[in-house]
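Student: here you go, sequence then predicted model.
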Amino acid sequence: MEKKLQFYLKNLIHNGGSDLHLKSGSIIRLRVNGDLLKLGDKQMSHDELDGIAKAILTPEQYETLTTTKELDATYVLDEDNRFRLNFFYQMDGLSAVLRIIPVKILTLEELKLPSVITDLSNLHRGLILVTGVTGSGKSTTLAAMLNHINSTRKKHIITVEDPIEFVHPDKQSLVSQRGVGQDTLSFANALKGALREDPDIILIGEMRDLETIEIALHAANTGHLVFSTLHTLDAKETINRVIGMFPKEEQNRIRITLASVLGGVVSQRLVKTIDGKRAAAIEVMKLTPRISELIEQNRDYEILDTIEEGKEIYGSQSFDQSLLELYRSKKITEETVYEHATNPSDMKLKLRGIGSDDGGEKSSSDNKTVDIFDLKAEEE
């Protein structure tokens with residue numbers, strides 16, 4: 001059964017996809033440039049998918065899956081291809097999603113990220129949050145930021161992840177990577193231990209609960225540089241989410257703490273490009289005296305304007321400013337700009353100032369079908 005899974009994963013790689021979707025009673029699908037495309041027309045049965053689970057999971061992992069009805073793990077296809085794996089049950093039976101994890105960690109320059117993100121990576125203390133929906137590239141950006149530190153500074157980096165995604169070899173820094181369930185029982189346990197392990201930089205895969213957030217804030221407040229992720233759309237929502245996790249009587253204290261330790265928020269959205277691929281639209285909020293004042297005084301509604309006003313001085317930028325740059329460089333259409341703009345009516349006025357004729361180009365992914373790579377290999 002594992003050979004079947006490997007066949008599907010090779011198809012994913014062959015088509016340049018990001019995710020493999022397996023669902024009991026449904027046709028296998030690949031996510032390519034943001035679209036879910038069918039791989040052939042054969043439906044996968046529950047027994048087949050259960051057989052795959054038994055073949056690639058340890059007995060302990062399989063027992064956890066059947067008991068808790070979901071499981072996160074890592075699957076290694078070969079030395080060049082690793083995958084983040086999630087099994088879960090739904091009304092039709094078992095399902096699985098495997099996301100490819102690039103072995104090569106791209107640099108900040110290769111990702112063409114705003115230079116202010118390099119500035120955030122060079123901070124010596126504080127909390128840096130990278131946010132966005134699932135699949136927006138948060139892990140890739142974080143990996144590039146850690147790789148920058150690892151390549152340029154002599155520090156001790158500790159990561160706590162569920163599961164470990166990008167593997168960071170020791171370069172200038174010493175990197176200790178811990179996987180929840182594999183190397184530690186929980187994020188909270190690992191973070192409490194990390195503070196006694198002489199870290200300079202701590203990466204938390206995701207701030208999932210109140211205890212994790214509290215420890216992260218404490219670590220940042222005591223002189224560490226802390227990185228983590230949240231499933232929030234922008235800087236304003238991120239600040240509100242962190243503060244809102246705490247009881248009302250503690251929120252003022254947390255707001256004051258956040259105004260002091262929050263180094264910056266990087267928020268990402270992937271948008272369709274003219275050539276059918278995807279590009280990242282990125283909002284970057286860098287902590288400045290003005291931003292700190294707005295957070296402390298609960299004037300979050302002024303944050304977006306302050307981000308835009310700080311573009312020339314601090315390198316910060318809003319989503320709309322990022323979208324305009326993508327449009328000016330002829331990477332995305334006017335329609336895509338409006339679809340993702342924070343304020344479409346304001347964006348329309350801005351576009352009139354630079355001309356809005358995109359030539360009517362359409363994404364080349366329209367009507368695209370997925371290639372089946374070496375189908376006979378599966379049939380045999």
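Tutor: Yep, that arrived. Numbering: from 1, shown residues only.
Student: of all residues in this protein, which one is nearest the centre?
Tutor: residue 138 (2.3 Å; CA atoms, centre = their mean).
Student: show me what contacts it?
Tutor: Residue 138 makes contacts with 130, 131, 132, 229, 268, as judged by CB atoms under 8 Å, 6 or more residues apart in numbering. For every residue, glycine as well, the C-beta is placed using N, CA and C.
Student: next up, phi/psi of residue 239, please.
Tutor: phi -60, psi -40 (degrees, to the nearest 10).
Student: just residue 217 next, same as before
Tutor: The phi/psi pair for residue 217 (degrees, to the nearest 10) is phi -60, psi -40.
Student: my guess is it contacts residue 127, does it?
Tutor: Yes. The criterion here is CB atoms under 8 Å, and residue 217 meets it with residue 127 at 6.8 Å.
Student: give me the element the nearest residue to residue 136 once chain neighbours are set aside is part of.
Tutor: Closest residue to residue 136 apart from its sequence neighbours, by CB to CB, 6 or more residues apart in numbering: residue 268 at 4.5 Å. Assigned by DSSP states H and E, residue 268 belongs to strand 262-272.
Student: what is that strand packed up against?
Tutor: Here strand 262-272 touches helix 115-121, strand 126-131, helix 138-152, helix 235-244, strand 278-286, helix 319-328, helix 334-340, going by 3 or more CB pairs under 8 Å, 6 or more residues apart in numbering; DSSP states H and E.
Student: now the angle from the third one to strand 278-286?
Tutor: Orientation check (axes from the mean of the first three to the mean of the last three CA atoms, to 10 degrees): helix 138-152 against strand 278-286 gives 60 degrees.
Student: the shortest one now?
Tutor: Relative orientation of strand 126-131 and strand 278-286, computed by the same axes, to 10 degrees: 150 degrees.
Student: where does the protein dip in pLDDT?
Tutor: Along the chain, the model assigns pLDDT under 70 to residues 354-380.
Student: and with 80 instead?
Tutor: 353-380 (pLDDT under 80).
Student: and it, split by domain according to the record?
Tutor: By the assignment in automatic domain parsing, the chain contains the domains 2-102, 115-317.
Student: what about the last one, how long is it end to end?
Tutor: Same thing as domain 115-317. Using CA to CA, to the nearest Å, one end of domain 115-317 lies 11 Å from the other.
Student: centre of the chain to it, how far?
Tutor: With CA atoms, centre = their mean, to the nearest Å as the basis, domain 115-317 stands 11 Å off its chain's centre.
Student: just to revisit the earlier point, any idea which of the contacts of residue 138 is closest to residue 178?
Tutor: Using CB to CB, residue 229 comes nearest to residue 178 of these, at 16.3 Å.
Student: assumed that closest one was part of a helix.
Tutor: No. Under the criterion used here (DSSP: H, G, I helix; E, B strand; the rest coil), residue 229 is strand, not part of a helix.
Student: any idea how far the residue nearest to the centre of the chain is from residue 43?
Tutor: Residue 138 sits 33 Å away from residue 43, going by CB to CB, to the nearest Å.
Student: could you do residue 263 as well?
Tutor: Taken as CB to CB, the span from residue 263 to residue 43 is 49 Å.
Student: same check on residue 165?
Tutor: 30 Å.
Student: the two: who's more crowded?
Tutor: Shown here are residue 165 and residue 43; by other CB atoms under 10 Å, residue 165 has more neighbours (21 against 12).
Student: show me what contacts that one?
Tutor: With the criterion set at CB under 8 Å, 6+ apart, residue 165 makes contact with 74, 82, 84, 101, 139, 143, 205.
Student: returning to that earlier point: so the residue nearest to residue 136 makes contact with residue 135?
Tutor: No. Applying CB under 8 Å, one finds residue 268 not in contact with residue 135, separated by 9.9 Å.
Student: who has more neighbours, those two?
Tutor: Between residue 268 and residue 135, counted using other CB under 10 Å, the more crowded position is residue 268 (23 against 15).
Student: ok, that one - contacts?
Tutor: Applying CB under 8 Å, 6+ apart, the residues near residue 268 are 130, 131, 132, 136, 137, 138, 141, 280, 281, 282, 283.
Student: check contacts around the first one.
Tutor: Put plainly, it is residue 130. The neighbours of residue 130, taking CB under 8 Å, 6+ apart as the test, are 138, 141, 142, 145, 227, 228, 229, 265, 266, 267, 268.
Student: can you redo those as JSON lines with distance to residue 349?
Tutor: Putting the contacts of residue 130 into JSON lines (distance: CB to CB, whole Å) gives the following:
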{"residue": "138", "distance to residue 349": "31"}
{"residue": "141", "distance to residue 349": "31"}
{"residue": "142", "distance to residue 349": "35"}
{"residue": "145", "distance to residue 349": "35"}
{"residue": "227", "distance to residue 349": "37"}
{"residue": "228", "distance to residue 349": "36"}
{"residue": "229", "distance to residue 349": "34"}
{"residue": "265", "distance to residue 349": "26"}
{"residue": "266", "distance to residue 349": "27"}
{"residue": "267", "distance to residue 349": "23"}
{"residue": "268", "distance to residue 349": "25"}
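Student: before I go, just wanted to say thanks for your time.
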